[in-house]
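Undergrad: Provided below for reference: sequence and predicted model.
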2 protein chains.
Amino acid sequence: MTLANHFELIGQSDAARLGRLTTPHGVVRTPAFMPVGTLGAMKGLHWREVRDAGADIVLGNTYHLMLRPGAERIAALGGLQKFTTWNGPMLTDSGGFQVMSLAQLRKVTEKAVNFRSHIDGAAIELSPERAIEVQLLLGSDIAMQLDECVRLPAERDDIDRAMRLSLRWAERCKRAFEHAPQGHMLFGIVQGGDVPELRQQSARGLIEIGFHGYAIGGLAVGEPQQVMLAMIEETAPVLPQDRPRYLMGVGTPEDILEAVARGIDMFDCVMPTRNGRHGVAFTRFGSVNLRNARHADDPRPLDAESNWPSTRNCSRAYLHHLVKSGETLGAMLLSEINIAYYQSLMSGIREAIGNGTFEAFRQQTREDWARGDIPAL
Amino acid sequence: MTLANHFELIGQSDAARLGRLTTPHGVVRTPAFMPVGTLGAMKGLHWREVRDAGADIVLGNTYHLMLRPGAERIAALGGLQKFTTWNGPMLTDSGGFQVMSLAQLRKVTEKAVNFRSHIDGAAIELSPERAIEVQLLLGSDIAMQLDECVRLPAERDDIDRAMRLSLRWAERCKRAFEHAPQGHMLFGIVQGGDVPELRQQSARGLIEIGFHGYAIGGLAVGEPQQVMLAMIEETAPVLPQDRPRYLMGVGTPEDILEAVARGIDMFDCVMPTRNGRHGVAFTRFGSVNLRNARHADDPRPLDAESNWPSTRNCSRAYLHHLVKSGETLGAMLLSEINIAYYQSLMSGIREAIGNGTFEAFRQQTREDWARGDIPAL
């Protein structure tokens, strides 16, 4: 079955792509960075701030939401977008990745993955069919297939086995998705670890099944950046031009810039909020650790030319004080500063692709990062 | 020496007073509730939210700020208003209250209170002169005298001794404040525990010294509400009509309404943010514990008629989920919801006094609280 296409490729600059993805809850400008709202909440940010920062779409974690507050409950409350008050496009993962990283007594069979909840130890079965059912209950604009993700480094046989299982699960997910409401999308996930042939086999297998979009999974799981970029280079050319491509769980601003240069359209990562909670800001001049005593008496903001008010107005001394004192406001400010930086990076990327000047933008951005933070007072 | 008056009494409705207090950083509409930004930050709120909620003035804690980041550092960075980005009127306490509740190895002498920092154990002396010096370094719009506050119940002799020491310290504070910049204010603090004669002696002693405003301290420290209200009734009539009156550390919405009815103009309390962090919302219909399972499936907001967006738009189910999951956003939302409720109460109070209908407002508000929350679904 061919699935309707909701993606429009509106520009290209070398391999970098500018697009528009139309979801039931609104349009997503790509390349897009999706902030992660794990449990139906962004850590340290109000939804209004996520929107003001320029995010069109956010990600919710199926594993967390199915355990608490429960998918059936969210469905009864009108779906995840309404429940959270975000009211915009949402992508949900399948739950598989968190099952691998968080759940206890995990067992993967052909049929499903069985595990115990990390909250109350309850025995739960997550099959491809249930993963789709849960995501349909949540009302995700974009659902992801259930897959098995192998942590790198791994044996080729393990990578191969998990990739093939993921392909069979992909087929079952597509079948389960047949009665999804109009406009909702399902993405397949390319697996294959760091083995180029397996990546290509996985991509071809998924294309044969046919999805609204294609994700590259199982990267940013401990391998060097060069391996990640090489795997994108092996995979992206195989993927259909007219469908969105999503690099899961990535990453640093540099990872994103380099992946866009290789034809990726969508990203998600907890890094901007997690690093913000640990006192680290992302800026045009690289990352800045506000715990450092050099900031204690520094009245200058992180970036006087930023278009985000907190980045432009809060002194480094104030941020340092808040972080050192463990004040919630420190984590709140740095989380929004980081989400705003990521979104301004995406906006700069989109503008440059639109103008056909992506390569110059990429060089300039890399130079600014390499120059590093302003000298201490 | 008579101190210039910056307070204008612009209306009265029975004993309730409507006023304007002009500070170097802006005008404060009274009766005013001051949210507490302990360490130069409101817990769980951005400053823009505090302002949007309708607060004209906030409180900073001298004890915390002198330990971290240090008063001299804040002075070098342009003062507390600029340092925090609040840029509006700020009152600071003297540090005395927190020394009593937080510091270790505390010793009170005629000269000063000596203690060890609860952060690093450093030996610190806080004299009346140093308390004023620190508040001038912070740049407080309104500084408070150093006093000794006795926890109730207490022996009359203890209350009497502390009240007389506080009076002698009040004189030293006023002397130390002589060279304060134009427009900055110093308030004296009425002590005297739950003993009417001592309260009146304290008030008369302070008036003789002469301050820009008068606070009532040492209440809301464990005594029943009736005792607190009785002490206000003993004290307020003694205080000059043309100066602002500030009831320190109070309190519940009901405490505030009843104190306004007895002629109080200013309040501060951590309750809205602290209770918010513990999952409790203040509403027109009393307080609502969002941890309660009755809210788990309830799509209704806390108050559909509130003029604060989060109060009107977030479902009880969502708030319940956030609180139960320990998500920061739960504390953030409930803290802003509570600050907004307190400010809307103050705004209602001010409007009613202006219209000469305070008594009707007070009755209606008490009835709404007494009716309680909407029935469960």
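TA: Yes, it's here.
Undergrad: number of nearby residues for the residue nearest to residue A:183 when sequence neighbours are not counted?
TA: Distance criterion CB to CB, 6 or more residues apart in numbering or on different chains; nearest residue to residue A:183, sequence neighbours excluded, is residue A:24 at 4.3 Å. Glycine gets a C-beta too; all of them are placed from N, C-alpha and C. Residues near residue A:24, counting by other CB atoms under 10 Å in any protein chain shown, number 18.
Undergrad: how close does residue A:24 get to residue A:9?
TA: In this structure, residue A:24 and residue A:9 are 21 Å apart, going by CB to CB, to the nearest Å.
Undergrad: How about residue A:289?
TA: The gap separating residue A:289 from residue A:9 is 39 Å, by CB to CB.
Undergrad: Same check on residue A:168?
TA: Separation of residue A:168 from residue A:9 (CB to CB) stands at 30 Å.
Undergrad: With neighbour numbers in mind, choose between these two.
TA: Between residue A:168 and residue A:9, residue A:9 has the larger neighbour count (other CB under 10 Å), namely 15 against 12.
Undergrad: Can you tell me the element the more buried one falls in?
TA: Under the criterion of DSSP states H and E, residue A:9 resides in strand A:7-13.
Undergrad: what's downstream of that strand, the next helix or strand?
TA: According to DSSP H and E, the helix or strand after strand A:7-13 is strand A:16-23.
Undergrad: Pairing partners for that following strand, with directions?
TA: strand A:7-13 (antiparallel), strand A:26-30 (antiparallel) (DSSP bridges).
Undergrad: that older thread, please work out the average pLDDT along the strand holding residue A:9.
TA: On average, the pLDDT along strand A:7-13 is 97.
Undergrad: Could you give me the buried positions within it?
TA: A:7, A:12-13 (16 or more other CB atoms under 10 Å in any protein chain shown).
Undergrad: Give me the contacts around it.
TA: In this structure, residues lying in contact with strand A:7-13 by CB atoms under 8 Å, 6 or more residues apart in numbering or on different chains are A:17-22, A:30, A:212-213, A:241-244, A:352-359.
Undergrad: Enumerate the residues of chain A near chain B.
TA: By the rule CB under 8 Å from any CB of the partner chain, the part of chain A lying against chain B is A:39-46, A:68-69, A:73, A:76-78, A:83-85, A:296-297, A:299, A:313-315, A:317-318, A:320-322, A:324-325, A:327-333.
Undergrad: Where does the residue lying closest to residue A:307 once chain neighbours are set aside sit: helix, strand or coil?
TA: Once flanking residues are discounted, residue A:307 sits nearest to residue A:344: 6.8 Å by CB to CB, 6+ apart. Here residue A:344 is recorded as helix under DSSP: H, G, I helix; E, B strand; the rest coil.
Undergrad: how about the strands of the stretch 201-350 of chain A, start to end?
TA: Here the stretch 201-350 of chain A has its strands, by DSSP state E, counting those that start in this stretch, at A:213-216, A:245-247, A:266-269, A:280-283, A:286-289.
Undergrad: Next up, phi/psi of residue A:32, please.
TA: For residue A:32, the backbone dihedrals are phi -120, psi 140 (criterion: degrees, to the nearest 10).
Undergrad: Check what pLDDT it gets.
TA: With respect to pLDDT, residue A:32 scores 98.
Undergrad: again, but for residue A:99
TA: Confidence at residue A:99, expressed as pLDDT, is 84.
Undergrad: surely it meets residue A:115?
TA: Yes - the criterion here is CB atoms under 8 Å, and residue A:99 meets it with residue A:115 at 5.3 Å.
Undergrad: between the two, what contacts are shared?
TA: A:106, A:126.
Undergrad: after the helix or strand residue A:83 falls within, next one along is what?
TA: Following DSSP H and E, one finds residue A:83 within helix A:80-84. Downstream of helix A:80-84, the first helix or strand assigned by DSSP H and E is strand A:90-92.
Undergrad: from the chain's centre, how far out does the helix holding residue A:83 sit?
TA: In terms of CA atoms, centre = their mean, to the nearest Å, the centre of helix A:80-84 is found 19 Å from the chain centre.
Undergrad: ok, now stretch A:277-287?
TA: Taking mean C-alpha positions (CA atoms, centre = their mean), stretch A:277-287 and its chain are 18 Å apart.
Undergrad: buried residues in that stretch?
TA: Buried residues in stretch A:277-287 (16+ other CB under 10 Å): A:277, A:279-284, A:287.
Undergrad: got the CA positions of it in PDB?
TA: What follows is stretch A:277-287, C-alpha atoms only, in PDB (Å, rounded to 0.1, in the frame of the first residue of the first chain):
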ATOM      1  CA  ARG A 277      19.900  21.700  34.000                       C
ATOM      2  CA  HIS A 278      23.600  21.000  34.500                       C
ATOM      3  CA  GLY A 279      24.600  24.600  34.000                       C
ATOM      4  CA  VAL A 280      25.800  24.500  30.400                       C
ATOM      5  CA  ALA A 281      24.600  26.900  27.800                       C
ATOM      6  CA  PHE A 282      24.800  26.500  24.000                       C
ATOM      7  CA  THR A 283      25.700  29.700  22.200                       C
ATOM      8  CA  ARG A 284      26.900  30.900  18.800                       C
ATOM      9  CA  PHE A 285      30.400  30.600  20.300                       C
ATOM     10  CA  GLY A 286      30.200  27.000  21.400                       C
ATOM     11  CA  SER A 287      29.100  25.800  24.800                       C
END
